[in-house]
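>>> Provided below for reference: sequence and predicted model.
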2 protein chains.
Amino acid sequence: MKFEIKRERLVEGLNDVMKAVSSKTTIPILTGIKMDVSSDGMRLTGSDSDITIQTFIPAEEDGEQIIQVTDGGSIVLQAKVFGEIIRKLPTNEVEIEITGNFQTHIRSGKSEFHLIGLDAMDYPQLPDIQDDRLFTIPADLLKTINRETVFAVSSSETRPVLTGVHWEVKDGELICVATDSHRLARRKTKLETLPEGEYSVVIPGKSLTELNKILDDTSEAVEIVMTNQQVLFKSKHILFFSRLLEGNYPDTTRLIPAEYKTTVTVNGRSLLQAIDRASLLAREERNNVVRFSAKAGNEVEVSSNSPEVGKVEEQLQAQSIEGEELKISFSAKFMMDALKAIDGQDVVIQFTGAMRPFILKSALDDSILQLILPVRTY
Amino acid sequence: MKFEIKRERLVEGLNDVMKAVSSKTTIPILTGIKMDVSSDGMRLTGSDSDITIQTFIPAEEDGEQIIQVTDGGSIVLQAKVFGEIIRKLPTNEVEIEITGNFQTHIRSGKSEFHLIGLDAMDYPQLPDIQDDRLFTIPADLLKTINRETVFAVSSSETRPVLTGVHWEVKDGELICVATDSHRLARRKTKLETLPEGEYSVVIPGKSLTELNKILDDTSEAVEIVMTNQQVLFKSKHILFFSRLLEGNYPDTTRLIPAEYKTTVTVNGRSLLQAIDRASLLAREERNNVVRFSAKAGNEVEVSSNSPEVGKVEEQLQAQSIEGEELKISFSAKFMMDALKAIDGQDVVIQFTGAMRPFILKSALDDSILQLILPVRTY
């Protein structure tokens, strides 16, 4: 194996696949990055066995020669050292040559590195995913969906299935739900390309967080392929594989109240800032609970009291308050997460009583629903 | 005590003094910030007992009213909570009122906070420093001097005096020396304002690092006052006090060789990059030692060999090599620190032999001297 490659393109490719490589892996070869070079170009693979990222650097692009391949082949090189070497080489021209016993020679300007590689045959094979059951979502919309749901997954491993986001494709809609059993985030998205049949998978929250770091903020289509054990996200030059979580995702539709007694419409950003301030004192005592009252005269009060530190009161003018007056307490963090997901628009908050879950929606559309369980303090 | 203040100016002042406040302090009142308000303005004080920072916000500046004082007074408030509250208040107008029992009321827009303050009488008094023995250095030069020396202080507490930088004023010069006994950094600076007599103090490296964070990159004069236990740096609105280290600083002049057998002149930036790359493999094995050879034909080779990972060779063209050929090994980190302090200029490196300390200077002037002890490998 011998080729020359433009350093800056190799750096870009390594940055992408490196996100899947973990130094904590128990499978030694996964601390490496696999390079497969052929006359078409170079495929880079990084994996922590949960997530696998592949990127392809074409030998030629827009008439420009990026890789000059003398001999094709495959090798696995230690991700961290290899990445740092390539990043710090003195020129943009890099020559890589593999000789006997996986000896890897990296040359650039007057620098020469000799690394000991690993046999690419020992690198785990990627699952063979049939792409006959795919649908597409624009990259920026996919990132938004993840941003609106992933934060609500459980961080506890006691019910592993709750550490993932439930993706369901049904009736021309993608419904994504995350819950840690104290709060829930649901996002519905109409699909333009309708896949046949129904799908129901649970994708690890961590995978979707990593996916969001890799996707560009463009409207370019991302192809999504779901199988029984894996989901594949395909963008222009990147393949992102994630394993799926096993187990049945709980039916969450029953959690959402059907009737409401108090409906508050309020500016989301103002409420977020008021709760942020009210929670400054609550945070000190680590329970982080604030009180919320909907009063006559469309007045909202957010307050918190921390005997050791002090207390705070925030007044807020609501657009409207319909139904009964209400006092309720909840986690400031959960409320702030939910308001951030709704992102500064006017929000409609619907309550059924001080002890019952309440929901938040954007005043503009129904696609997002956030549900929070209150905390008993009154 | 009651006054109104512009939020943004209070935030600025808090940001400055907050740098001295440590949550790890064993003196509870030092987790707070002291505010002293009079008709002239507000003095803020933060301290971790090693470092004390004071800043003054004038009641009026350039005809603009910044503080409207109804009643003067003093209070100590929890630094972290108070800082976060002020940063997040909804408007630029902040009213602060202290009522009985150190009850502190903070109002802005429709937010109202009630904090429990502490008695300012319990806050440690600042040392009374006579400023009859002061000299001045421009802020940017002071920052440069610190940047060129502080990195070389010892991080080990076995010889506490070595965790500081030795500042000596003598013959119209300020001589700053730091050493961890494996390397040494020395910077000489001609002083324009000559203080009377000789001074010799040891300033904790940590204090100088914090000082550099606070000083602006301007040529504005900083007044420096040294006493037996404290040093005070005074800029426009900030007073920065640091305790001094006790104990005799070792005489380091004898460490510096008087004769040299090999003198290499080379571009500092190229050498820094070559050593950075050569150390990539050395780092993996944690000893971080690279080999350096000065050869005939003005050729420098930097290399390292790490049996587990691989090896690297870097060639470099020196401007000149005078004297004997030489092979020597040293810590890549120490060499990189020294080259960064000399900052990209051509450097002159003078060796006395593979087992003897060697020195680095800028090719342009003699003000900086860096000394490194080699590592025995050849």
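Yep, it's here.
>>> where in chain A is pLDDT low?
Within chain A, the segments meeting pLDDT under 70 span A:131-132, A:284-286, A:378.
>>> which parts of it sit against chain B?
Chain A has residues A:78, A:81, A:84-85, A:88-90, A:104, A:110-116, A:273-274, A:276-277, A:280-281, A:284, A:308-316 near chain B, with proximity defined as C-beta under 8 Å from any C-beta of the partner chain. C-betas here are computed from N, CA, C, even on glycine.
>>> next, the residue lying closest to A:F135 once chain neighbours are set aside: secondary structure please.
Leaving aside its sequence neighbours, A:F135 sits nearest to A:P195 (C-beta to C-beta, 6 or more residues apart in numbering or on different chains; 4.3 Å). Using DSSP: H, G, I helix; E, B strand; the rest coil as the criterion, the local structure at A:P195 reads coil.
>>> how many neighbours does the closest residue to A:K19 other than its chain neighbours have?
Closest residue to A:K19 apart from its sequence neighbours, by C-beta to C-beta, 6+ apart: A:E210 at 5.6 Å. By other C-beta atoms under 10 Å in any protein chain shown, the residues close to A:E210 number 18.
>>> and the one helix or strand A:E210 maps to, what does it pack onto?
Here A:E210 sits within helix A:205-214, counting by DSSP states H and E. Applying 3 or more C-beta pairs under 8 Å, 6 or more residues apart in numbering or on different chains; DSSP states H and E, we find helix A:205-214 packed against strand A:51-58, helix A:139-149, strand A:164-170, strand A:238-243.
>>> with mean neighbour count added, can I get the ones you listed in TSV?
TSV is the format used below for these (neighbours: other C-beta atoms under 10 Å in any protein chain shown):
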stretch	mean neighbour count
strand A:51-58	21
helix A:139-149	20
strand A:164-170	21
strand A:238-243	21
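>>> for the nearest residue to A:Q319 once chain neighbours are set aside, give me its contacts.
Once flanking residues are discounted, A:Q319 sits nearest to A:T265: 4.2 Å by C-beta to C-beta, 6+ apart. A:T265 is in contact with A:A318, A:Q319, A:S320, A:I321, A:D346, A:V347, A:V348, A:I349, A:A363, counting by C-beta atoms under 8 Å, 6 or more residues apart in numbering or on different chains.
>>> tell me which of those residues fall in strands.
Judged by DSSP state E, strands contain the following of the contacts of A:T265: A:S320, A:I321, A:D346, A:V347, A:V348, A:I349.
>>> and the fifth one, what does it touch?
Looking back up the chat, that one is A:V348. With contacts defined as C-beta under 8 Å, 6+ apart, the neighbours of A:V348 are A:T263, A:V264, A:T265, A:L360, A:K361, A:S362, A:A363.
>>> list phi and psi for the residue nearest to A:F135.
phi -80, psi 150 (degrees, to the nearest 10).
>>> emit the ChimeraX select command for whichever of the residues of chain A next to chain B are buried.
Remark: buried members of the residues of chain A next to chain B, expressed as a ChimeraX selection using 16 or more other C-beta atoms under 10 Å in any protein chain shown:
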select /A:78,81,84,85,88,89,104,111,112,113,114,115,116,273,274,276,277,280,281,284,309,310,311,312,313,314,316
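>>> of the residues of chain A next to chain B, which belong to strands?
Those of those mapping onto strands are A:78, A:104, A:111-116, A:310-316, per DSSP E.
>>> residues contacting the helix ranked longest in chain A, please?
Counting residues, the longest helix in chain A under DSSP state H turns out to be helix A:268-284. Contacts with helix A:268-284, where a contact means C-beta under 8 Å, 6+ apart, come from A:288-290, A:300, A:302-306, A:308-314, A:316, A:332-333, A:335-336, A:339-340, A:342-347, A:362, B:81, B:84-85, B:88-90, B:111, B:113.
>>> now, which of the contacts of A:V348 sits nearest B:S242?
A:L360 (50.7 Å; C-beta to C-beta).
>>> would you mind pulling the contact partners of stretch A:121-128?
By C-beta under 8 Å, 6+ apart, the list of residues contacting stretch A:121-128 reads A:27, A:29-30, A:32, A:34, A:45, A:47, A:49, A:52, A:54, A:74, A:76, A:227, A:229-230, A:241.
>>> let's see that with 10 Å instead.
A:27-30, A:32-34, A:36, A:45, A:47, A:49, A:52, A:54, A:74-76, A:227, A:229-230, A:232, A:239, A:241, A:243 (C-beta atoms under 10 Å, 6 or more residues apart in numbering or on different chains).
>>> buried sites along it?
For stretch A:121-128, using 16+ other C-beta under 10 Å, the buried residues are A:Y123.
>>> now the end-to-end length of it.
End-to-end distance of stretch A:121-128: 17 Å, with C-alpha to C-alpha, to the nearest Å as the criterion.
>>> off-centre distance for that stretch?
25 Å (C-alpha atoms, centre = their mean, to the nearest Å).
>>> next: stretch A:22-41.
23 Å.
>>> surely A:M1 meets A:I67?
No - with contact defined as C-beta atoms under 10 Å, A:M1 does not reach A:I67; the gap is 11.9 Å.
>>> those two - which one has more neighbours?
Ranked by neighbour count (other C-beta under 10 Å), A:M1 and A:I67 place A:I67 first, with 23 against 20.
>>> what residues are up against that one?
A:I67 neighbours (C-beta under 10 Å, 6+ apart): A:3-6, A:9-10, A:37-42, A:57-61, A:94, A:96.
>>> one more time with 6 Å
Shown in contact with A:I67 (C-beta atoms under 6 Å, 6 or more residues apart in numbering or on different chains): A:F3, A:I5, A:G41, A:M42, A:A59.
>>> repeat that for A:M336.
Taking C-beta under 6 Å, 6+ apart, one finds A:I275 in contact with A:M336.
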